[in-house]
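Enquirer: Below: sequence and its predicted model.
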Amino acid sequence: MDKELCFENTSLDGEVHFLRKPDSYVSKVLCFPMSTCDDLRDRLGVLLEDGFIYLLESGVKIHGLRILGRGYTAVVVVAYNSTHGLGSLKLLRSDSRRSSLVKEAEIMKLVETTGLSPKVYLYKDFYVFYELLPPHICKSITFILDELIINNRVDYLKRLLYNMLKSLHQLDQLGVDHSEINRPDGHIFYCSGSIKIIDWESARVSRKPSNLTSFISYLIYRYKYASRIREVLKIDTSIVPNLLRSYKTYYSIELFDEIARSMSLQP
């Protein structure tokens, strides 16, 4: 461990691991879940050539490593690039059934126009480097909703949900289906007034995206405070499902407005 960086917020404190002097942390991250792998040298060479300086050991402890996150396809760590600075580096796992992260990166680039995805800086087959969402600023949308409901902040809850649905409507109109909006915890974050969505590896371009409808179905049926949501928003569950079915046929702004009114969200 060569140095240690300290940030104003301790959620990003961590030890620095330089790629030009790779240690066991670098090896384990680049080869996850293995300690080493045949293409370690090749991955290091590409990252160095692309301007990466170090990995920052930060986040939760998984398999003995502090990282930002782990999925079936990839792991995510904090990295520093000479051009773009600190960011999230998503690395293809050595045991992944996927051969590339390029499709995910291209979907994220497409979605950037909506502001919903983190900004993509660089990508190759085995990595995507994108905007870091600091954990002290960005909170899971379900955590924020829980807090608003528990504290009975109804007006703020309505504004947040309206902006959330408006963003998902934009995504639907773009013709991109994230495919995991029905599980918003860990995928959708509230960052100082803006909505960000991560983990686009299962996303696809689709003629029938279901981002808005999936989130509303989760909210009024499966969310732990679903009954309270239905009560506060005066949702008639005999009307909303029909509106959602019509919406998935036309995706029109008129139907979006009608859905918002049916949930008492129209500003």
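Expert: Arrived safely, thanks for sending. Numbering: from 1, shown residues only.
Enquirer: How about the contacts made by L132?
Expert: L132 sits next to 78, 86-88, 118 when contact means Cβ atoms under 8 Å, 6 or more residues apart in numbering. All C-beta spots, glycine's among them, are computed from the backbone N, C-alpha and C.
Enquirer: for K158, that is, sorry about that
Expert: With Cβ under 8 Å, 6+ apart, K158 has these contacts: 233, 264-265.
Enquirer: how does it look with 6 Å?
Expert: Going by Cβ atoms under 6 Å, 6 or more residues apart in numbering, K158 touches L265.
Enquirer: and it, which of the three is it?
Expert: helix (DSSP: H, G, I helix; E, B strand; the rest coil).
Enquirer: any idea how far it lies from I229?
Expert: 11 Å (Cβ to Cβ, to the nearest Å).
Enquirer: same check, this time on L212
Expert: 16 Å.
Enquirer: And those two? Which one has more around it.
Expert: Neighbours were counted for L212 and for I229 using other Cβ atoms under 10 Å; L212 has more, 26 against 20.
Enquirer: What are the buried residues along the strand or helix carrying the more buried one?
Expert: Assigned by DSSP states H and E, L212 belongs to helix 211-217. The neighbour-count check on helix 211-217 (16 or more other Cβ atoms under 10 Å) flags 211-217 as buried.
Enquirer: swap in stretch 84-92?
Expert: Buried residues in stretch 84-92, counting neighbours by 16+ other Cβ under 10 Å, are found at 84, 86-92.
Enquirer: now it: how far from the chain's centre is it?
Expert: Its chain's C-alpha centre and that of stretch 84-92 lie 13 Å apart, by Cα atoms, centre = their mean, to the nearest Å.
Enquirer: now what about stretch 62-69, what contacts it?
Expert: Outside stretch 62-69, the residues touching it (Cβ under 6 Å, 6+ apart) are 28, 57-59, 70, 75-77.
Enquirer: distance between the ends of it?
Expert: 8 Å (Cα to Cα, to the nearest Å).
Enquirer: Stretch 141-159 too?
Expert: 13 Å.
Enquirer: Also stretch 217-230?
Expert: Using Cα to Cα, the two ends of stretch 217-230 sit 11 Å apart.
Enquirer: How about that stretch, which residues are buried there?
Expert: Buried residues in stretch 217-230 (16+ other Cβ under 10 Å): 217-220, 223, 225, 229-230.
Enquirer: where's it relative to the chain centroid, distance-wise?
Expert: Distance of stretch 217-230 from the chain centroid (Cα atoms, centre = their mean) equals 21 Å.
Enquirer: what does stretch 258-267 give?
Expert: On Cα atoms, centre = their mean, the centre of stretch 258-267 falls 26 Å from that of its chain.
Enquirer: same deal with stretch 138-146?
Expert: In terms of Cα atoms, centre = their mean, the gap separating the centre of stretch 138-146 from the centre of its chain is 13 Å.
Enquirer: neighbouring contacts of it?
Expert: Residues from elsewhere that reach stretch 138-146, judged by Cβ under 6 Å, 6+ apart: 184-185, 188-191.
Enquirer: one more time with 10 Å
Expert: 118, 132-133, 147, 156-157, 160-161, 164, 183-192, 194-198, 215, 218-219, 223-225, 229 (Cβ atoms under 10 Å, 6 or more residues apart in numbering).
Enquirer: Nearest residue to the middle of the chain?
Expert: Closest to where the C-alpha atoms of the chain average out (Cα atoms, centre = their mean) is I198, at 1.4 Å.
Enquirer: Correct me if wrong: that residue contacts Y130.
Expert: Yes. With contact defined as Cβ atoms under 10 Å, I198 counts as touching Y130 (8.7 Å).
Enquirer: quick one: secondary structure of L132?
Expert: Following three-state DSSP, the label given to L132 is coil.
Enquirer: Could you tell me the phi and psi values at it?
Expert: Main-chain torsions, L132, degrees, to the nearest 10: phi -80, psi 130.
Enquirer: What ranges in this structure fall below the confidence cut-off?
Expert: For the chain, applying pLDDT under 70 flags the ranges 1-12, 267.
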